[in-house]
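**Q** sequence unknown, structure follows:
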């Protein structure tokens with residue numbers, strides 16, 4: 001529930017600031033140790049001829065906002081399939 005609320009706040013704020021915002025939510029079953037995360041892409045303008053996917057490639061995230069320590073570590077761990085962070089590029093707030 002926490003990351004969903006944060007996601008909605010960031011989407012709304014980005015939209016109000018004039019950004020084109022795309023997002024992807026993945027909601028696993030937390031009771032079964034499933035990950036819950038969102039990926040957001042903010043861009044200055046939308047080009048319909050060159051659509052961009054909101055899926056962040058491995059190691060290409062600019063910022064990681066982690067609400068749960070375990071999920072934040074998973075996003076940073078190179079052994080995990082959904083790793084989006086890199087030591088050189090990504091700032092993390094946990």
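**A** Yep, it's here. This structure is a prediction, so every number in the text was calculated from the model and none was measured.
**Q** the longest helix in the protein is where?
**A** helix 2-16 (DSSP state H).
**Q** buried stuff in that one?
**A** Buried residues in helix 2-16, defined by neighbour count with 16 or more other CB atoms under 10 Å: 3, 7, 10-11, 14. Every residue, glycine included, has its C-beta placed from N, CA and C.
**Q** and these as JSON lines, adding pLDDT?
**A** Below are the buried residues of helix 2-16 laid out as JSON lines (pLDDT from 0 to 100):
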{"residue": "3", "pLDDT": "79"}
{"residue": "7", "pLDDT": "88"}
{"residue": "10", "pLDDT": "93"}
{"residue": "11", "pLDDT": "93"}
{"residue": "14", "pLDDT": "94"}
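**Q** Tabulate those in TSV, adding columns for distance to residue 49.
**A** Converted to TSV, the buried residues of helix 2-16 look like this (distance: CB to CB, whole Å):
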residue	distance to residue 49
3	32
7	28
10	27
11	24
14	22
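**Q** On the C-terminal side of the longest helix of the chain, identify the next helix or strand.
**A** As assigned by DSSP states H and E, the chain's next helix or strand after helix 2-16 is strand 20-27.
**Q** So which elements touch that next one?
**A** helix 2-16, strand 36-43 (3 or more CB pairs under 8 Å, 6 or more residues apart in numbering; DSSP states H and E).
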